[in-house]
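[1] got a sequence here, can you model it:
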Amino acid sequence: MPNDTRLVPQAADPVECEPPTGPSPQGPGPSTSFVERNRSRLIITALLVIATLVSFFPVGNRLSDPAAYTQTIQTLDQKKDTVMGLVAGSSATAAAISVIPGDTGTPIANKLVDISADLLIVLAAIYLEKYLLTVFGFTAFKVVIPAALAFFAVALWVGERDQLKWWLRNIATRALLLAVCAVLVVPTSTFVSNMIDDTYENSINQTLADAQEATDEIESASKEQEKGESNWLTDMFDAVASGVETLTKLPETIPTALNGFIEGFAVMVVTSCLIPIIVLLFYSWVIRMLMGIQLGNPRAAVQAQAAKLHRKPKAA
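    Alright, predicted model coming up:
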């Protein structure tokens, strides 16, 4: 029997399949997927939480303590002493002028009394600045800044196309800028007003000296008027002579003191009332310059502006 030369197919060697080592088609587990996708958000959120705690506890406790504003409080105390000196000097001068016979010094005395009353308003403004130091520090670092950082954290987890995301970011940025400006407004105004006070310090001291000189002259003239003999006729002539002598000396001292009080009052109004308002307006302008965008979605604002520019003009 002839040999069968037909080829008989042989069974192929079995191929061993290794189990897959990569991720399954269904993807990683839910917890691992969340961490991997949101790793940067989680890190930024953790940093914002740490910044909130730092702002609330160490920084907030420090800047709500008057000891943190020692230099500024000393400057305000010096300004307060200056205002108190002007009030005392104008009141004493007005009281001294009121003893002059006749109504010659009455208008000047009334004007000095009005200046004393107006200076009390300046004194109240100085006390207000002093209290606002700690109030602004507490409000900024324990209320406004933590709230702004919380808004930033919430905005991280809002969709990119959601208008709420842009609204939260803009509100938080404005709140941060407002907090920083509120903390800086009183020290900045005190620094600026201190330079003006140094310029007019000699003038105010000279005003107080002139007022004291005028008061001493009037008091000495009043004491001389009380002296004299027991004869009523002699006393009458002495009183008239003393009154005339006092009136001849007053124009050289009291008008100068009155002008000095008016100038000192104007300086105190500028340094204690106007400069803080100007500094506050300046910081408000800075905030508007830095945040010159609308609170809504800036993409929508740009689209609205483009639609307005490409709008066809109406036919006449």
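[2] measure Arg62 to Cys273 for me?
    Separation of Arg62 from Cys273 (CB to CB, to the nearest Å): 29 Å. All C-beta spots, glycine's among them, are computed from the backbone N, C-alpha and C.
[3] more neighbours: which of those two?
    Neighbours were counted for Arg62 and for Cys273 using other CB atoms under 10 Å; Cys273 has more, 19 against 12.
[4] does that one touch Ala124 like I think?
    No - the pair Cys273 and Ala124 fails to qualify as a contact (CB atoms under 8 Å) at a distance of 9.9 Å.
[5] which residues are common contacts for the two?
    By CB atoms under 8 Å, 6 or more residues apart in numbering, Cys273 and Ala124 have no common neighbours.
[6] quick check: buried residues in whichever strand or helix holds Pro146?
    Secondary structure assignment for Pro146, by DSSP states H and E: helix 145-156. Using 16 or more other CB atoms under 10 Å as the test for burial, helix 145-156 gives 145-146, 148-149, 151-156.
[7] show me what the host helix or strand of Ser91 is packed up against.
    Using DSSP H and E, the element containing Ser91 is helix 70-97. Contacts defined by 3 or more CB pairs under 8 Å, 6 or more residues apart in numbering; DSSP states H and E place helix 70-97 against helix 106-139, helix 163-226, helix 254-269.
[8] CSV for those helices, including mean neighbour count?
    Listed next are the helices and strands packed on helix 70-97 as CSV, based on neighbours: other CB atoms under 10 Å:
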stretch, mean neighbour count
helix 106-139, 17
helix 163-226, 17
helix 254-269, 20
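[9] out of the ones you listed, the one nearest Ser40 is which?
    Between Ser40 and those, the tightest spacing by CB to CB is seen for helix 163-226, at 15.5 Å.
[10] below-threshold pLDDT in the stretch 151-300 of the chain: ranges please.
    Applying pLDDT under 70 to the stretch 151-300 of the chain flags residues 221-253, 292-300.
[11] wait, what's in contact with the residue nearest the centre of the chain?
    With distances taken as CA atoms, centre = their mean, Val185 lies nearest the centre of the chain, 2.6 Å away. Val185 makes contacts with 136, 276, 279-280, 283, as judged by CB under 8 Å, 6+ apart.
[12] Thr256 too?
    The contact partners of Thr256, taken as CB under 8 Å, 6+ apart, are 210, 214.
[13] now it: how far from Val192?
    29 Å.
[14] and what of Trp166?
    Taken as CB to CB, the span from Trp166 to Val192 is 36 Å.
[15] cool, Ala68 as well?
    Ala68 is 20 Å from Val192, by CB to CB.
[16] which ones are touching the closest residue to Ala51 other than its chain neighbours?
    Leaving out its chain neighbours, the residue that sits closest to Ala51 by CB to CB, 6 or more residues apart in numbering is Leu149, at 5.6 Å. Contacts for Leu149 (CB under 8 Å, 6+ apart) come out as 48, 51-52, 55, 172.
[17] 10 Å - rerun?
    Under the criterion of CB atoms under 10 Å, 6 or more residues apart in numbering, the neighbours of Leu149 are 45, 47-56, 172, 175-176.
[18] can you flag the buried ones in those?
    Looks like these have 45, 48, 51-52, 55-56, 172, 175-176 buried, using 16+ other CB under 10 Å.
[19] can you redo these as TSV with distance to Asn38?
    Shown next, in TSV, are the buried ones among the contacts of Leu149 (distance: CB to CB, whole Å):
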residue	distance to Asn38
Thr45	9
Leu48	14
Ala51	19
Thr52	19
Ser55	24
Phe56	25
Ala172	20
Ala175	25
Leu176	24
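[20] which two in those residues are spaced the farthest apart?
    Thr45 and Ala175 (18.0 Å).
[21] Leu132 reaches Pro276, doesn't it?
    Yes - counting by CB atoms under 10 Å, Leu132 touches Pro276, with 9.0 Å between them.
[22] who's in contact with stretch 197-212?
    The contact list for stretch 197-212 (CB under 10 Å, 6+ apart) reads 75, 78-79, 82-83, 85-86, 88-94, 96, 112, 190, 252-268, 270-272.
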